[in-house]
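Enquirer: Got a predicted structure here, sequence first:
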Amino acid sequence: MYFTYEQPRFDVKDENEIRRVIKEAYENGCEAAKQGKVANYIPELAKANPNDFGLCVRSMDGKELSFGQVDKRFSVQSISKVVNLAAALKFLGFRETFSHVQLEPSGDAFNSILKLDTVSDLPFNPMINAGAIQVMGLLTNVMDFEDLLDFARKFMMDDDIVLNESVYRSERDTGDRNRAIVYLLKSKGVLSGDPDKTLDTYFKMCSLNVNAKSLANLGLVLANKGQNPFTGKHLIHPGYVCTIKSLMFTCGLYDESGEYGVLVGIPSKSGVGGGIVASVSERWGIGTYGPALNKKGNSVGGIAALEHMSHLLRLNVFA
Ligand code: GLN
């Protein structure tokens, strides 16, 4: 925890001051990253440099403020869950999607199997592995990986996103927990797609190579109610964006979502590749990259930077 929390008192408006605060946030992120460890349960992720840190903030008028490693590519990991959910809502609708997955925070680790077996047949939410795999089961009936990749590129305004083959292979070869989840869903009779195809597409979506800038773009489209602010193109209905951001707020950082919601209070989604996307409604998209993670699998540097910005720039949705 970075601040002893009081009601935020700051609301910096001056552009130079905002720049100064964002630079400070970046510096805090670099410092905090020293406390974390890179993920190693997917062997390929263990190769990341724990000292890397980058912060990119983009606004509706196209202005961008970037510090550090914002061009470096890394695997999107669980942030793809936002894209998958968006695709499910767009192509299948709210009713169909949420008759297969719930809308509740799980309070468990992102890869937990516990409650899926003992408490509920339907996964708790689309932001944890079980829920995202379930959503992927639905999606594989109506689109394939290439369609999802195309959708991800549009959402992140980044045509250079490609599959990171070595991360994909590493995930596929070691993803036994996810394999357990997909077969548990199948055994309960709730999985809509073929288990192997579902899991393969899930792994591929986790292995897309993005950077902090593409994440900032994703945050920006969500901040702009699903419309690309530069082309005017509507990618997804505003009502669905509201659903996605609500789930990001309540579930986006797994079993750290509650604390993060209080200390940062911006709809966000993390991934074990080190990324965090945050969306400040009608204002900014923020992308951070810091592969040093805390015990919950969230980027230590990213959280520190976002906490600093949120506190000083009054970005908490309730502030
Ligand atoms: N691909 C990772 C997994 O399935 C994603 C997890 C994450 O980013 N939290 O375990």
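Expert: Everything's here; your move.
Enquirer: Quickly find the element holding residue 169.
Expert: helix 165-174 (DSSP states H and E).
Enquirer: For that helix, name the packing helices and strands.
Expert: helix 195-206 (3 or more Cβ pairs under 8 Å, 6 or more residues apart in numbering; DSSP states H and E). For glycine as for every other residue, the C-beta is placed from the backbone atoms N, C-alpha and C.
Enquirer: repeat that for 10 Å
Expert: Applying 3 or more Cβ pairs under 10 Å, 6 or more residues apart in numbering; DSSP states H and E, one finds that helix 165-174 contacts strand 74-75, helix 176-187, helix 195-206.
Enquirer: which residues sit against that helix?
Expert: 41-47, 74-77, 164, 178-179, 199-200, 202-209, 273 (Cβ atoms under 10 Å, 6 or more residues apart in numbering).
Enquirer: who in this structure is up against the ligand?
Expert: For the chain, the residues in contact with the ligand (Cβ under 6 Å from any ligand atom) are 77-78, 110-111, 129, 171, 178, 206, 271-272, 297.
Enquirer: For ChimeraX, what selects the buried ones among these?
Expert: Applying 16 or more other Cβ atoms under 10 Å to those, the buried members can be selected in ChimeraX as follows:
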select :77,78,110,111,129,171,178,206,271,272,297
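Enquirer: What is the nearest of the residues of the chain next to the ligand to residue 263?
Expert: Closest approach to residue 263 among the residues of the chain next to the ligand (Cβ to Cβ): residue 297, at 17.1 Å.
Enquirer: Pull up the gap between the nearest residue to that closest one once chain neighbours are set aside and residue 162, please.
Expert: Using Cβ to Cβ, 6 or more residues apart in numbering and skipping residues adjacent in sequence, the residue nearest residue 297 is residue 272, 5.0 Å away. Residue 272 is 19 Å from residue 162, where distance means Cβ to Cβ, to the nearest Å.
Enquirer: ok, now residue 180?
Expert: Look at residue 180 and residue 162: by Cβ to Cβ, they are 29 Å apart.
Enquirer: The helix or strand that contains residue 131 vs helix 176-187, what angle?
Expert: Per DSSP H and E, residue 131 falls inside helix 129-139. On the basis of axes from the mean of the first three to the mean of the last three Cα atoms, to 10 degrees, helix 129-139 is oriented at 60 degrees to helix 176-187.
Enquirer: Helix or strand next in line after helix 129-139, which one?
Expert: Remark: after helix 129-139, the chain's next helix or strand is helix 145-155, criterion DSSP H and E.
Enquirer: ranges for the strands of the stretch 201-319 of the chain?
Expert: For the stretch 201-319 of the chain, applying DSSP state E, counting those that start in this stretch gives strands covering 209-210, 268-270, 275-280, 284-289.
Enquirer: Partner strands of the second one, with direction?
Expert: Meaning strand 268-270. strand 275-280 (antiparallel) (DSSP bridges).
Enquirer: which parts of the strand it pairs with are buried?
Expert: Those would be 275-280, for strand 275-280 by 16+ other Cβ under 10 Å.
Enquirer: one step back: among the strands of the stretch 201-319 of the chain, which comes closest to residue 251?
Expert: Using Cβ to Cβ, the strands of the stretch 201-319 of the chain put strand 268-270 closest to residue 251, at 8.9 Å.
Enquirer: Any buried residues in the closest one, and which?
Expert: 268-270.
Enquirer: ok, now stretch 77-93?
Expert: Applying 16+ other Cβ under 10 Å to stretch 77-93 flags 77-89, 91-92 as buried.
Enquirer: Between the two ends of stretch 260-273, how far is it?
Expert: Length of stretch 260-273, first residue to last, Cα to Cα, to the nearest Å: 19 Å.
Enquirer: State the mean pLDDT of that stretch.
Expert: Within the predicted structure, the mean pLDDT of stretch 260-273 is 97.
Enquirer: likewise stretch 283-293?
Expert: For stretch 283-293, mean pLDDT rounds to 98.
Enquirer: For the residue of the stretch 101-250 of the chain found nearest the ligand, which non-adjacent residue is spatially closest?
Expert: Residue of the stretch 101-250 of the chain nearest the ligand, by Cβ to the nearest ligand atom: residue 206 (3.6 Å). With sequence-adjacent residues excluded and distances taken as Cβ to Cβ, 6+ apart, residue 206 is closest to residue 77, at 5.1 Å.
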